[in-house]
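K.L.:
Coordinates only, no sequence provided:
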Ligand code: FES
């Protein structure tokens with residue numbers, strides 16, 4: 001569908017809030033709390049963005065977009081080029097991070113821009129009359145883009161935690177998750193390390209009660225493993241060879257060289273960036289390919305070559 005940018009607000013130094021309406025002025029498809037849309041930007045990049053407004057609204061979708069420090073094109077486009085009046089292609093809302101509405105007690109934990117799907121969840125939980133608390137973890141109040149509005153709507157149910165850039169001064173996740181109320185659910189969204197920390201702090205919660213989603217559009221820079229090494233990829237069609245350094249993905253290197261590869265999550269979880277390979281042993285680091293597929297394709301946003309291997313890609 002076509003969506004028109006009706007408003008853009010700079011809500012934090014690195015966060016823009018984008019309001020979209022139907023280009024034909026009609027009602028939009030309804031969405032449920034936690035949903036996202038896949039938006040094709042004017043530079044032909046497709047990115048997933050969580051919807052942060054009240055799911056009861058059908059006249060608009062609202063997104064929050066962080067300017068990534070090493071953007072692969074998505075967030076830089078939204079911050080530097082996108083303007084009110086632009087029309088973008090979008091998918092209908094998709095929900096891979098649903099709210100279990102039967103849950104009586106809900107703890108929402110946001111790391112930075114990961115707050116966006118949790119804002120729509122808080123709206124819904126308020127409408128349902130459920131118990132909920134939203135813990136909003138950010139570097140500072142200035143960086144917590146939607147905090148003022150959340151506090152206005154939800155009052156003391158919002159708990160802000162500011163770490164000043166030092167994670168050791170962040171929220172006490174163990175204390176937050178210490179009690180396990182019956183029919184309790186936890187929802188967490190943020191960077192991978194943050195999600196892992198919440199899962200570790202809630203290890204005593206029953207299986208299936210901690211729900212999480214990685215925030216979208218994170219850069220394709222990788223946290224290196226201790227034994228990572230640089231390796232070469234050879235592109236079969238051009239015969240060109242590129243060296244992939246430690247800490248960079250194949251995707252980041254090829255994009256910088258001008259290759260167009262479709263991406264969404266850039267975290268190995270959506271399957272979009274798969275590329276066929278012809279030789280070499282791959283260190284698969286994705287969460288989507290099954291064993292058969294791993295013999296033929298790799299996800300270039302996360303996967304690497306095994307030490308000493310060169311990968312020949314069908315590109
Ligand atoms: S972009 Fe989603 S798996 Fe690579």
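P.N.:
Cool, the structure landed. What you see is a predicted model, and the numbers here were worked out from it, not measured in a lab. Numbers count the residues shown, from 1 in each chain.
K.L.:
Residue 30 and residue 55 touch, don't they?
P.N.:
Yes - assessed by C-beta atoms under 8 Å, residue 30 is found in contact with residue 55 at 7.2 Å. To be clear about C-beta, it is placed using only N, CA and C from the backbone, and glycine gets the same treatment.
K.L.:
who has more neighbours, those two?
P.N.:
Set side by side, residue 30 and residue 55 show more neighbours around residue 55, with 20 against 12, by other C-beta atoms under 10 Å.
K.L.:
and that one, what does it touch?
P.N.:
Residues counted as contacts of residue 55 (C-beta atoms under 8 Å, 6 or more residues apart in numbering) are 30-33, 35, 120, 123-124.
K.L.:
Go again with 10 Å.
P.N.:
For residue 55, the contacting residues are 30-35, 93, 95, 99, 120-121, 123-124, 127, by C-beta atoms under 10 Å, 6 or more residues apart in numbering.
K.L.:
Might you enumerate the residues of this protein proximal to the ligand?
P.N.:
With C-beta under 6 Å from any ligand atom as the criterion, the chain meets the ligand at residues 263-266, 268-273, 286, 299, 301.
K.L.:
list the residues that contact both of residue 30 and residue 55?
P.N.:
Common neighbours of residue 30 and residue 55 (criterion: C-beta under 10 Å, 6+ apart): residue 93.
K.L.:
wait, residue 270 sits on residue 289?
P.N.:
No - with contact taken as C-beta atoms under 10 Å, residue 270 and residue 289 are classed as non-touching, separated by 11.5 Å.
K.L.:
Which neighbours do the two have in common?
P.N.:
Contact with both residue 270 and residue 289 is made by residues residue 299, according to C-beta under 10 Å, 6+ apart.
K.L.:
Outline the domain layout of the protein.
P.N.:
Residue ranges for the domains of the chain, per automatic domain parsing: 2-90, 105-214, 231-313.
K.L.:
can you pull the contacts of the residue of the stretch 1-150 of the chain found nearest the ligand?
P.N.:
Scanning the stretch 1-150 of the chain for proximity to the ligand using C-beta to the nearest ligand atom identifies residue 48 as nearest, at 9.2 Å. Shown in contact with residue 48 (C-beta under 10 Å, 6+ apart): 36-39, 63, 74, 91, 94, 96, 213, 215-217, 263-266, 270, 272.
K.L.:
what do you get for residue 154?
P.N.:
Contact partners of residue 154, counting by C-beta under 10 Å, 6+ apart, are 119, 122-123, 125-126, 132-134.
K.L.:
Which of those fall in helices?
P.N.:
Using DSSP state H to define helices, the subset of these located there is 119, 122-123, 125-126.
K.L.:
For PyMOL, write the selection for the buried entries among those residues.
P.N.:
Selecting in PyMOL just the buried members of those, where the criterion is 16 or more other C-beta atoms under 10 Å, is done with this command:
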select buried, resi 119+122+123+125
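K.L.:
right, and residue 200 touches residue 174 too?
P.N.:
Yes - taking contact to mean C-beta under 10 Å, the distance of 8.9 Å between residue 200 and residue 174 places them in contact.
K.L.:
follow-up on the earlier one: narrow the contacts of residue 48 to those that are buried.
P.N.:
Members of the contacts of residue 48 that pass the buried threshold by neighbour count (16+ other C-beta under 10 Å) are listed as 36-39, 63, 74, 213, 215-217, 263-266, 270, 272.
K.L.:
May I ask which two of these are separated the most?
P.N.:
Set against one another by C-beta to C-beta, those have their most distant pair in 63 and 272, with a gap of 18.9 Å.
K.L.:
related to what we said a few turns ago, okay, the domains of the chain in TSV with mean pLDDT and distance to residue 225 next?
P.N.:
Below are those laid out as TSV (pLDDT from 0 to 100; distance: least, C-beta to C-beta, whole Å):
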stretch	mean pLDDT	distance to residue 225
domain 2-90	90	19
domain 105-214	92	13
domain 231-313	91	9
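K.L.:
what's the closest non-adjacent residue to residue 53?
P.N.:
Excluding the flanking residues, the one nearest residue 53 by C-beta to C-beta, 6 or more residues apart in numbering is residue 62, at 4.0 Å.
K.L.:
surely the one you found meets residue 54?
P.N.:
Yes - the pair residue 62 / residue 54 is scored as a contact, 9.0 Å apart, by C-beta under 10 Å.
K.L.:
With neighbour numbers in mind, choose between those two.
P.N.:
Set side by side, residue 62 and residue 54 give different neighbour counts by other C-beta under 10 Å, the larger being at residue 62 (22 against 17).
K.L.:
which residues touch the more buried one?
P.N.:
For residue 62, the set of contacting residues under the criterion of C-beta under 10 Å, 6+ apart consists of 6-7, 9, 17-20, 49-54, 116, 119-120, 146.
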